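> let's see this in three dimensions:
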Amino acid sequence: GDLNCLLVGDPGVAKSQLLRAVMNIAPLCVSTTGRGSSGVGLTAAVVTDQDTGERRLEAGAMVLADRGVVCIDEFDKMNDGDRVAIHEVME
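Residues are numbered from 1 along each chain as shown. Have a look, this model is predicted:
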């Protein structure tokens, strides 16, 4: 099965530094922050090419890190709907 880990703690107890250490040792790792991410953006997004106007599906962080590690810092900054989308992908 898949392993999901949630780091919880007070500010300043090195949670972000631990994520950076994991990124340095994991063979496949994608990092993002909850502040600038949406649940849809972490899974996939439709992108329109500015030159041709064509639309294409672009993989998000969770797809790019399939069978690897996704580090999402500041998960608490995401809105509730985006958290639900991520939980569905983690199942």
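
> against Val13, how distant is Met90?
Separation of Met90 from Val13 (Cβ to Cβ, to the nearest Å) stands at 24 Å. For glycine as for every other residue, the C-beta is placed from the backbone atoms N, C-alpha and C.

> who does the one helix or strand Ser16 maps to touch, helix- and strand-wise?
Assigned by DSSP states H and E, Ser16 belongs to helix 15-25. With contacts taken as 3 or more Cβ pairs under 8 Å, 6 or more residues apart in numbering; DSSP states H and E, helix 15-25 sits against strand 29-33, strand 69-73.

> quick one, which of those strands gets closest to Gly81.
Ranking the helices and strands packed on helix 15-25 by proximity to Gly81 (Cβ to Cβ) places strand 69-73 first, at 15.3 Å.

> who's in contact with the closest one?
Residues outside strand 69-73 that contact it (Cβ atoms under 8 Å, 6 or more residues apart in numbering) are 15-16, 19, 22-23, 26, 28-34, 37, 42, 61-62, 86.
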